[in-house]
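Enquirer: Below is the sequence, then the predicted model.
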Amino acid sequence: MWTQNMNGALRWRPGLKALARPAAWTCVAAIAALSLTPSDAVVRTGLGGHVEHTVAYAGTTFLAAAAYGGWMRVAASMLAYAGALELLQHFSPGRTPSLVDYMFSAAGTVIGAAGLALLLCARNAWART
(Lines give C-alpha, C1' and ligand atoms only; values in the text may rest on other atoms or scores of the structure.)
Protein backbone atom coordinates (compact mmCIF):
# COMPACT_ATOMS: atom_id res chain seq x y z
CA MET A 1 0.00 0.00 0.00
CA TRP A 2 2.89 2.37 0.79
CA THR A 3 6.35 2.73 -0.64
CA GLN A 4 9.35 4.38 0.97
CA ASN A 5 11.46 6.83 -1.01
CA MET A 6 15.19 7.49 -0.55
CA ASN A 7 14.52 10.12 2.14
CA GLY A 8 12.51 7.63 4.18
CA ALA A 9 9.14 9.28 3.52
CA LEU A 10 6.22 6.98 2.89
CA ARG A 11 4.12 7.53 -0.23
CA TRP A 12 1.15 5.87 -1.91
CA ARG A 13 2.17 3.29 -4.45
CA PRO A 14 1.64 4.80 -7.91
CA GLY A 15 -0.73 2.01 -8.92
CA LEU A 16 -3.06 2.74 -6.01
CA LYS A 17 -3.33 6.40 -6.92
CA ALA A 18 -4.09 5.40 -10.51
CA LEU A 19 -6.93 3.19 -9.24
CA ALA A 20 -8.22 5.70 -6.69
CA ARG A 21 -8.78 8.48 -9.24
CA PRO A 22 -11.31 6.67 -11.46
CA ALA A 23 -12.90 5.13 -8.36
CA ALA A 24 -13.37 8.59 -6.86
CA TRP A 25 -14.91 9.98 -10.06
CA THR A 26 -17.20 6.94 -10.29
CA CYS A 27 -18.40 7.66 -6.75
CA VAL A 28 -18.94 11.35 -7.60
CA ALA A 29 -21.04 10.36 -10.62
CA ALA A 30 -22.98 7.77 -8.61
CA ILE A 31 -23.83 10.34 -5.94
CA ALA A 32 -25.16 12.69 -8.64
CA ALA A 33 -27.18 9.97 -10.32
CA LEU A 34 -28.69 8.77 -7.05
CA SER A 35 -29.35 12.29 -5.78
CA LEU A 36 -31.19 13.38 -8.91
CA THR A 37 -33.11 10.19 -9.70
CA PRO A 38 -36.88 10.67 -9.30
CA SER A 39 -38.01 9.52 -5.86
CA ASP A 40 -40.21 6.68 -7.13
CA ALA A 41 -37.22 5.08 -8.89
CA VAL A 42 -34.80 5.21 -5.95
CA VAL A 43 -33.87 1.89 -4.39
CA ARG A 44 -32.90 2.25 -0.72
CA THR A 45 -30.49 0.04 1.21
CA GLY A 46 -32.62 -0.25 4.30
CA LEU A 47 -30.11 1.73 6.37
CA GLY A 48 -32.03 4.97 5.96
CA GLY A 49 -31.32 7.99 3.83
CA HIS A 50 -29.21 9.80 6.40
CA VAL A 51 -26.83 6.87 6.85
CA GLU A 52 -26.65 6.50 3.06
CA HIS A 53 -25.72 10.18 2.68
CA THR A 54 -23.05 9.95 5.37
CA VAL A 55 -21.44 6.76 4.06
CA ALA A 56 -21.50 7.87 0.41
CA TYR A 57 -19.87 11.22 1.11
CA ALA A 58 -17.35 9.79 3.60
CA GLY A 59 -16.13 7.18 1.13
CA THR A 60 -16.06 9.54 -1.82
CA THR A 61 -14.20 12.25 0.09
CA PHE A 62 -11.67 9.71 1.41
CA LEU A 63 -11.03 8.31 -2.08
CA ALA A 64 -10.80 11.71 -3.80
CA ALA A 65 -8.50 13.17 -1.15
CA ALA A 66 -6.28 10.09 -1.24
CA ALA A 67 -6.14 10.21 -5.03
CA TYR A 68 -5.54 13.93 -5.48
CA GLY A 69 -4.10 15.09 -2.14
CA GLY A 70 -5.16 18.27 -0.41
CA TRP A 71 -7.87 16.81 1.81
CA MET A 72 -9.09 20.27 2.86
CA ARG A 73 -9.57 21.35 -0.77
CA VAL A 74 -11.35 18.09 -1.60
CA ALA A 75 -13.58 18.43 1.48
CA ALA A 76 -14.53 22.00 0.54
CA SER A 77 -15.33 20.86 -3.01
CA MET A 78 -17.47 18.00 -1.73
CA LEU A 79 -19.38 20.35 0.58
CA ALA A 80 -20.15 22.64 -2.37
CA TYR A 81 -21.08 19.62 -4.51
CA ALA A 82 -23.48 18.32 -1.86
CA GLY A 83 -25.15 21.72 -1.66
CA ALA A 84 -25.47 21.97 -5.41
CA LEU A 85 -27.03 18.51 -5.66
CA GLU A 86 -29.51 19.32 -2.90
CA LEU A 87 -30.57 22.48 -4.76
CA LEU A 88 -30.85 20.59 -8.07
CA GLN A 89 -33.40 18.27 -6.47
CA HIS A 90 -35.95 21.05 -7.10
CA PHE A 91 -35.94 19.84 -10.71
CA SER A 92 -36.23 16.11 -9.99
CA PRO A 93 -39.77 14.69 -9.76
CA GLY A 94 -40.74 13.79 -6.22
CA ARG A 95 -37.53 15.17 -4.71
CA THR A 96 -37.14 18.20 -2.49
CA PRO A 97 -33.94 19.80 -1.18
CA SER A 98 -33.37 19.26 2.51
CA LEU A 99 -31.02 21.07 4.86
CA VAL A 100 -30.99 17.98 7.08
CA ASP A 101 -29.87 15.78 4.17
CA TYR A 102 -27.17 18.33 3.35
CA MET A 103 -25.96 18.23 6.96
CA PHE A 104 -25.63 14.43 6.83
CA SER A 105 -23.73 14.74 3.54
CA ALA A 106 -21.48 17.35 5.17
CA ALA A 107 -20.92 15.08 8.17
CA GLY A 108 -19.86 12.29 5.81
CA THR A 109 -17.47 14.68 4.06
CA VAL A 110 -15.88 15.63 7.38
CA ILE A 111 -15.62 11.98 8.42
CA GLY A 112 -13.94 11.02 5.13
CA ALA A 113 -11.47 13.92 5.26
CA ALA A 114 -10.72 13.37 8.95
CA GLY A 115 -10.24 9.65 8.37
CA LEU A 116 -7.64 10.31 5.70
CA ALA A 117 -5.95 13.01 7.79
CA LEU A 118 -5.70 10.61 10.74
CA LEU A 119 -4.33 7.88 8.50
CA LEU A 120 -1.69 10.25 7.15
CA CYS A 121 -0.73 11.36 10.68
CA ALA A 122 -0.40 7.76 11.79
CA ARG A 123 1.64 6.95 8.70
CA ASN A 124 4.00 9.85 9.37
CA ALA A 125 4.37 8.92 13.03
CA TRP A 126 5.13 5.34 12.04
CA ALA A 127 7.72 6.53 9.49
CA ARG A 128 9.56 8.49 12.20
CA THR A 129 10.01 5.45 14.42
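Expert: Yep, it's here. Numbering: from 1, shown residues only.

Enquirer: and stretch 59-76, how far out from the chain's middle?
Expert: With CA atoms, centre = their mean, to the nearest Å as the basis, stretch 59-76 stands 7 Å off its chain's centre.

Enquirer: Please report phi then psi for T45.
Expert: Per-residue torsions, T45: phi -80, psi -20 (degrees, to the nearest 10).

Enquirer: show me the contacts for it.
Expert: 51-52 (CB atoms under 8 Å, 6 or more residues apart in numbering). Yep, even glycine has a C-beta here, placed from its N, CA and C like the rest.

Enquirer: Apply 6 Å and report the result again.
Expert: Contacts were defined as CB atoms under 6 Å, 6 or more residues apart in numbering; by that measure T45 touches E52.

Enquirer: ok, it to G59 distance?
Expert: To G59, T45 is 13 Å away according to CB to CB, to the nearest Å.

Enquirer: before we move on, what about G15?
Expert: Here the distance between G15 and G59 works out to 20 Å (CB to CB).

Enquirer: do F91 as well
Expert: With distances taken as CB to CB, F91 is found 26 Å from G59.

Enquirer: Between the two, tell me which one has more neighbours.
Expert: Neighbour tally, F91 and G59, criterion other CB atoms under 10 Å: the higher count belongs to G59, 18 against 8.

Enquirer: Which helix or which strand is home to the more buried one?
Expert: Remark: G59 resides in helix 49-68, with elements defined by DSSP states H and E.

Enquirer: Packing partners of that helix?
Expert: Counting contacts by 3 or more CB pairs under 6 Å, 6 or more residues apart in numbering; DSSP states H and E, helix 49-68 packs against helix 14-36, helix 71-88, helix 99-128.

Enquirer: how far does stretch 85-102 stretch from start to finish?
Expert: Across its full length, stretch 85-102 reaches 9 Å end to end, with CA to CA, to the nearest Å as the criterion.
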